[in-house]
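>>> Would you be able to build a 3D model of this:
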Amino acid sequence: VQLVESGGGSVQAGGSLRLSCAASGYSTTNYCMGWFRQPPGKEREGVARIEGYGKTIYADSVKGRFTISKDNAKNALYLQMNSLKPEDTAMYYCAARLRLGTGCVGEYNYWGQGTQVTVSS
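This is a model prediction of the structure:
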């Protein structure tokens, strides 16, 4: 199982970026997936995730600005980020955990290497 993120970069506040996560070695249909981030000097935090039954859940700090989506045909996860703020600066990671029926099982145990997002004011 391998996850590879891309799409990070440097933008000015108010700009947009679209992160992609390409999965290989397994089908995203069988996994719940999410995006996490780790700001400089801080702990990793959840950004958005897709539950087993398809419901999307967002951190309060990104609601209304970020959109998570999954394309099972392409085995990919995306994060559309709009109205970016300097506080969104972080290393962004995608992660996966096993899906069982309409639920998700256990911890996220598959992680990508991360892609850096830097937002300047």
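
>>> For residue 77, list the residues it contacts.
Counting by C-beta atoms under 8 Å, 6 or more residues apart in numbering, residue 77 touches 20-21, 23, 28, 33, 35, 50, 68-71, 94. Every residue, glycine included, has its C-beta placed from N, CA and C.

>>> Now it: which helix or strand?
Assigned by DSSP states H and E, residue 77 belongs to strand 76-81.

>>> What pairs with the helix or strand just after that strand, parallel or antiparallel?
Going down the chain from strand 76-81, the next helix or strand is strand 90-100, by DSSP H and E. Looking at strand 90-100 with DSSP bridges, its partner strands are strand 31-38 (antiparallel), strand 103-104 (antiparallel), strand 110-111 (antiparallel), strand 115-120 (antiparallel).

>>> Buried deepest among the ones you listed, which one?
Stretch with highest mean neighbour count among these: strand 31-38 (a mean of 22; mean count of other C-beta atoms under 10 Å).

>>> ok, the residue positioned nearest the centre of the chain to residue 17 distance?
Nearest to the mean C-alpha position of the chain, by C-alpha atoms, centre = their mean, lies residue 35 at 2.2 Å. When distance is defined by C-beta to C-beta, to the nearest Å, residue 35 is 12 Å away from residue 17.

>>> and residue 108, how many residues sit next to it?
As a burial measure, residue 108 scores 19 neighbours (other C-beta atoms under 10 Å).

>>> Is it in a helix, a strand, or coil?
Following DSSP: H, G, I helix; E, B strand; the rest coil, we place residue 108 in the coil state.

>>> Please name the nearest non-neighbouring residue to it.
Of all residues not flanking residue 108 in the chain, residue 95 sits nearest, at 3.9 Å (C-beta to C-beta, 6 or more residues apart in numbering).
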